[in-house]
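*Asks:* Fold the stuff below for me.
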Amino acid sequence: MRRLALITLTVLSMVLLSCQRKVLLEPGHKHGEEVYINIDVDVQVDAELEGDASLYTEILHKARTTTIVAYPRSSTARYGVHKIQGLNGSIWLMPGVYDLLIYTSDFYELDGIYYRGLEQPATAEGYTNSVKVSKNLPVKSFNMENPDPLFAHYYKTFVVVEGENKVSEGLDPRSYKYWFEVNVDGLDYITSASLEIDGMYTSVFLKDGAHRSDEYGTQRVEATIHKDENKIKGEFFSFGPHQGSDVKNSMILTFVNGRTIRIKLDDISPEIKKLTKGGEIKIDQKIVINVDDTGAGFTPNVEDWVNEEVIIPL
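*Replies:* Here you go, the predicted structure:
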C-alpha cells in the first residue's frame with residue numbers, strides 16, 4: 001500500500017511539474033506586471049550632437065526592434081532580457097526596483113552589431129565583427145566591419161508596481177555617422193574606390209558610451225564615384241574616433257585594367273578627433289591621375305605629397 005501511495009504521489013508530482021512547465025513555455029504567458037515602453041525620439045537623441053541632429057532622429061525611427069535588459073535592485077526583482085518590436089511595446093516584469101538598459105537593435109536584415117557582457121550594466125557592450133591583425137603592438141589592432149546605427153539609454157531605479165507602469169525615454173546615439181569627399185582628376189580611369197581609416201573604435205559600452213582603450217580598428221569604407229563633380233564620396237557609421245596619436249588614411253583605387261593601388265593621404269588625426277559624435281571628415285588633398293602620351297600608363301599623385309608613378313598598360 002505504501003509503495004502504491006509513493007508511486008501515486010510521484011506520478012502526481014510529475015504531472016504537476018509537467019503542467020507547470022507547459023504553462024511557463026506557453027506562448028504569450030505573462031509573469032509579473034506589464035511595463036509599457038515608449039521611445040520618445042525627441043527627448044535625448046538630439047542632445048549635444050555635432051552636425052545635423054535631425055539625421056539621427058530619422059534613423060532612430062527605422063529601428064526594427066528595441067531590447068530592454070532589466071537589472072534587479074531589490075530582492076523581488078528578476079534579471080531578464082526582453083525585446084519589443086519597433087520603439088514601443090510592452091514587457092512583463094516582477095514587481096520590484098530595476099535599472100533598465102534600453103538599446104535599439106536590428107536595423108537591417110543582417111545585423112552589423114553584436115552584444116556581450118549584458119549580465120552587468122558596466123560590461124554591456126556593442127561591438128562589430130573584427131579580425132585581429134597584429135600581436136606585437138601595445139594595443140590590439142583589428143580589421144573591422146562597419147557597425148549599424150546604435151542608440152541606448154541607461155534608466156536608473158525604475159519601480160515596478162501592481163497596475164500601470166510606463167517608461168518613456170529618449171535614446172543617445174552610440175554609433176555615429178561620418179562622411180567624406182575627395183577631389184579627383186581622371187575619374188574616367190577608375191572603376192571603384194574605397195577609403196581605409198586606421199584607428200577607429202571597435203566597440204562601445206552601452207551604459208555611458210565609453211570605449212576600450214587597448215584596441216583600435218581599421219575600417220574600409222566603400223565609396224561612390226561622382227564623375228560630374230570630379231569627386232569620390234562616402235559615408236559610414238563608427239563607434240567614434242580613436243584618441244590615439246595618429247589616424248592613418250588611405251585611398252584605394254581600382255582602375256579600368258583591373259589594377260588596384262593604395263594612395264596614402266595625410267594624417268587626419270586633429271580633424272577626426274574633433275568629431276566625437278560624427279560629422280564630415282575633412283580631406284583637403286586632391287588626387288590627380290595623369291595619362292602619358294602613348295596611353296601606356298598613368299601617374300596617380302596627391303597634391304602636396306611626393307608623386308608616385310605607376311606604369312600600367314591601358
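*Asks:* ok, now how distant is Asp214 from His242?
*Replies:* Asp214 is 11 Å from His242, where distance means C-beta to C-beta, to the nearest Å. (Glycine included, C-beta is placed from N, CA and C.)
*Asks:* can you give me how far stretch 160-171 is from the chain middle?
*Replies:* 27 Å (C-alpha atoms, centre = their mean, to the nearest Å).
*Asks:* and it, average pLDDT?
*Replies:* Mean pLDDT, computed over stretch 160-171, is 86.
*Asks:* Tell me how the chain divides into domains.
*Replies:* 1-27, 31-111+148-173, 176-302 (automatic domain parsing).
*Asks:* which one of those lies closest to Ser130?
*Replies:* domain 176-302 (5.6 Å; C-beta to C-beta).
*Asks:* Read off the pLDDT value for the nearest residue to Leu187 once chain neighbours are set aside.
*Replies:* Using C-beta to C-beta, 6 or more residues apart in numbering and skipping the chain neighbours, the partner closest in space to Leu187 is Lys227 (4.8 Å). You'll see Lys227 listed with a pLDDT of 92.
*Asks:* Number of residues surrounding Lys227?
*Replies:* By other C-beta atoms under 10 Å, 11 other residues sit near Lys227.
*Asks:* I'd say Lys177 and Glu235 touch.
*Replies:* Yes. In this structure, Lys177 is within contact of Glu235 by C-beta atoms under 8 Å, at 6.5 Å.
*Asks:* between those two, which one's more packed in?
*Replies:* Neighbours were tallied for Lys177 and for Glu235 using other C-beta under 10 Å; the higher tally belongs to Lys177 (21 against 17).
*Asks:* Dig out what that one forms beta bridges with.
*Replies:* Phe237 (DSSP bridges).
*Asks:* Would you mind confirming that the residue nearest to Leu187 is in contact with Tyr189?
*Replies:* No. Using C-beta under 8 Å, Lys227 is not in contact with Tyr189; the gap is 10.8 Å.
*Asks:* Show the backbone phi and psi for Leu55.
*Replies:* Here the main-chain torsion angles of Leu55 (degrees, to the nearest 10) amount to phi -60, psi -40.
*Asks:* For it, list the residues it contacts.
*Replies:* Residues near Leu55 by C-beta atoms under 8 Å, 6 or more residues apart in numbering: Lys177.
*Asks:* where does it land on pLDDT?
*Replies:* 75.
*Asks:* I'd like to know how far it sits from His61.
*Replies:* Where His61 is concerned, Leu55 sits at a distance of 11 Å (C-beta to C-beta).
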